[in-house]
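Trainee: Output the structure for:
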Amino acid sequence: MGPYRAVLSRPGALNFSAAGLLARLPMSMVGIGIVLMVRALYDSYSLAGTVSAVYVLAQAVCSPQIARLVDQYGQARVMRPAVAISASGLVALIGCALIGAPSWSLFVFAVLVGSCIGSFGAMVRARWSHLVHDGRQLHTAYSLESALDEVVFVIGPVLATTLATSVAPAAGLVVPVVGMVVGGYWFLSQRGTEPPAVPRQTGTDAAPRRSVMRNPGMIVLAIVFIAMGSIFGATDVATVAFATEHGKEGLAGVLLAIFACGSLISGLLYGARHWVSPLWIRFAVGTVALVLGTALFVLVHTMVMLAVVMFITGFAIAPTLVNGNALVQHFVPRARLTEGLTWVGTSLGVGVSAGSAIAGPILDVHGSHGGYLVVLGSGMLAVVAVLVALRTLRAGTATITASREVNPSTPPADDPEPTDH
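Mentor: Take a look at the predicted model:
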């Protein structure tokens, strides 16, 4: 744990990482909490799934735009009102559901919540990039945050499900409100570690501020992360179906927690070591390893065997996500880092929503086996995208390294994971 103690000992690091963990609870609880609440109060899976999908879509469309404003005006200035609007919208959504308001009102407030929720995961990583100028330590910090993401996804869905089924249908959304407000404002109050805002240049000499998605490397990452998200989304619903087919529906959450635990452990182990292979190679290898592991889901026939395969396959998740987030810093200007990281996180979320939506109808006809075939198809898309774009990934990571050979004074913070490591 030495490398983690070293990065967390930096002034303010432990506080903003802990606050960021609490502020990220909504990302694993709001979607499933909406489904559980609407399903119980309106007796409609269709309405529940649609409201949740609208929330995810609003988040996917608006989060990168919020991130662009964060880079220009600062985290606190943009996110303080955004958190207030999003939390108020979630409270209003709960209130409408409890009084049985017309279904259109649920969609209105779902859009409001998703459009202003932002991405605290991206902002936490942006703070690490601002605070840590050593490539090895930044690799450790990113690995820590990916491990904490897995903690959120281990605890969040189980907590939301337990509260919604054992306490009250809306109880699963109360914790996200608390996490959003308490964690969000705690995080935003820590101004000492906030990255400086980079205002947009104005005047006749100002260069146009183009989207970071014009970079070919970012396009590749977005496609791969959408495919990876589809793997996770389809796995979620297929695993529920698998457990139900075996008469153990209540253990579906346990299986998914085992999947996330494998990722949590690997993320911590991965971040504690300094790796010598180029970043783009590690990202490609991790993607292939994840797909090979999930391909085995189609072959298992018992709960125990699925748990074992999921645990082992989970070891490929966190390192691949760590490497993907590190690649962003090669493809976007330092002043646009929050925007770039948010696009990657948003792509993953879109993929999760798409994977579950595609797998749902197939599950109705072909059962869990059909759902795991969707997982396999999503994985094949991810592998093809990575292999086809290897030259793009390599060129993108080589640009900064080459610039340093010409100008050794280039600050290391722009390239946390140089290829010559």
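Trainee: show me where pLDDT drops low in this protein?
Mentor: Low-confidence segments of the chain (pLDDT under 70): 45, 200-209, 249-250, 398-421.
Trainee: Give me the most central residue, it.
Mentor: residue 345 (4.4 Å; Cα atoms, centre = their mean).
Trainee: quick one: the strands in the stretch 1-150 of the chain?
Mentor: Using DSSP state E, counting those that start in this stretch, no strands are assigned anywhere in the stretch 1-150 of the chain.
Trainee: quick one, helices of it?
Mentor: 2-8, 13-23, 25-42, 45-73, 75-98, 103-116, 120-131, 135-166 (DSSP state H, counting those that start in this stretch).
Trainee: out of the ones you listed, which comes closest to residue 242?
Mentor: Proximity to residue 242 (Cβ to Cβ) singles out helix 135-166 among the helices of the stretch 1-150 of the chain, at 16.2 Å. For every residue, glycine as well, the C-beta is placed using N, CA and C.
Trainee: what's the angle from the lengthiest helix in the chain to helix 103-116?
Mentor: As assigned by DSSP state H, the longest helix anywhere in the chain is helix 337-388. Counting by axes from the mean of the first three to the mean of the last three Cα atoms, to 10 degrees, helix 337-388 points 90 degrees away from the direction of helix 103-116.
Trainee: Show me what helix 337-388 is packed against.
Mentor: helix 45-73, helix 120-131, helix 216-245, helix 279-295, helix 317-331 (3 or more Cβ pairs under 8 Å, 6 or more residues apart in numbering; DSSP states H and E).
Trainee: what's the closest of those to residue 367?
Mentor: helix 216-245 (6.1 Å).
Trainee: After the closest one, heading C-terminal, what element do we hit next?
Mentor: helix 252-271 (DSSP states H and E).
Trainee: buried residues in that next one?
Mentor: When burial is assessed from 16 or more other Cβ atoms under 10 Å, helix 252-271 yields the following buried residues: 252-253, 255-268, 270-271.
Trainee: and the angle from that helix to helix 25-42?
Mentor: Going by the same axes, to 10 degrees, helix 252-271 makes 170 degrees with helix 25-42.
Trainee: what about helix 252-271, distance to the chain center?
Mentor: Centroid displacement of helix 252-271 relative to its chain, using Cα atoms, centre = their mean, to the nearest Å, is 15 Å.
Trainee: And stretch 238-251, by the same measure?
Mentor: Worked out by Cα atoms, centre = their mean, stretch 238-251 lies 25 Å from the chain centre.
Trainee: okay, how far is it across it, tip to tip?
Mentor: 13 Å (Cα to Cα, to the nearest Å).
Trainee: likewise stretch 17-31?
Mentor: For stretch 17-31, the end-to-end distance is 23 Å (Cα to Cα).
Trainee: and if you look at stretch 198-211?
Mentor: Taking Cα to Cα as the criterion, the two ends of stretch 198-211 lie 15 Å apart.
Trainee: Nearest approach to residue 188 belongs to which of the helices of the stretch 1-150 of the chain?
Mentor: It is, among these and with distance given as Cβ to Cβ, helix 75-98, at 4.5 Å.
Trainee: tell me which strands and helices the closest one is in contact with?
Mentor: Applying 3+ Cβ pairs under 8 Å, 6+ apart, one finds that helix 75-98 makes contact with helix 25-42, helix 45-73, helix 103-116, helix 120-131, helix 174-178, helix 184-188.
Trainee: wait, which of those is closest to residue 360?
Mentor: So among the helices and strands packed on helix 75-98, helix 45-73 is nearest, using Cβ to Cβ, at 7.5 Å.
Trainee: okay, the angle between that closest one and helix 120-131?
Mentor: Computed by the same axes, to 10 degrees, the angle between helix 45-73 and helix 120-131 is 20 degrees.
Trainee: Present the helices and strands packed on helix 337-388 as JSON lines; the columns should include distance to residue 156 and mean neighbour count.
Mentor: Shown next, in JSON lines, are the helices and strands packed on helix 337-388 (distance: least, Cβ to Cβ, whole Å; neighbours: other Cβ atoms under 10 Å):
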{"stretch": "helix 45-73", "distance to residue 156": "14", "mean neighbour count": "20"}
{"stretch": "helix 120-131", "distance to residue 156": "13", "mean neighbour count": "24"}
{"stretch": "helix 216-245", "distance to residue 156": "12", "mean neighbour count": "23"}
{"stretch": "helix 279-295", "distance to residue 156": "21", "mean neighbour count": "21"}
{"stretch": "helix 317-331", "distance to residue 156": "16", "mean neighbour count": "26"}
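Trainee: Would you convert the ones you listed into a markdown table that also reports distance to residue 14?
Mentor: Shown next, in a markdown table, are the helices and strands packed on helix 337-388 (distance: least, Cβ to Cβ, whole Å):
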| stretch | distance to residue 14 |
| --- | --- |
| helix 45-73 | 22 |
| helix 120-131 | 11 |
| helix 216-245 | 28 |
| helix 279-295 | 27 |
| helix 317-331 | 20 |
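Trainee: Compare these and report which one is nearest to residue 145.
Mentor: Nearest of the helices and strands packed on helix 337-388 (Cβ to Cβ): helix 120-131, 5.8 Å.
Trainee: want to throw the helices and strands packed on helix 75-98 into JSON lines with distance to residue 152?
Mentor: Output for the helices and strands packed on helix 75-98, formatted as JSON lines (distance: least, Cβ to Cβ, whole Å):
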{"stretch": "helix 25-42", "distance to residue 152": "5"}
{"stretch": "helix 45-73", "distance to residue 152": "15"}
{"stretch": "helix 103-116", "distance to residue 152": "17"}
{"stretch": "helix 120-131", "distance to residue 152": "9"}
{"stretch": "helix 174-178", "distance to residue 152": "11"}
{"stretch": "helix 184-188", "distance to residue 152": "14"}
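Trainee: what's the closest of the ones you listed to residue 197?
Mentor: helix 45-73 (5.3 Å).
Trainee: Output the contacting helices and strands for that closest one.
Mentor: Using 3+ Cβ pairs under 8 Å, 6+ apart, helix 45-73 sits against helix 25-42, helix 75-98, helix 103-116, helix 337-388.
Trainee: most packed of the ones you listed?
Mentor: Ranked by mean neighbour count, those are led by helix 25-42 with a mean of 24 (mean count of other Cβ atoms under 10 Å).
Trainee: related to what we said a few turns ago, could you give the angle of the longest helix of the chain to helix 317-331?
Mentor: 110 degrees.
Trainee: can I see the domain layout of the chain?
Mentor: In terms of domains, the chain is parsed into 12-197, 210-421 (source: automatic domain parsing).
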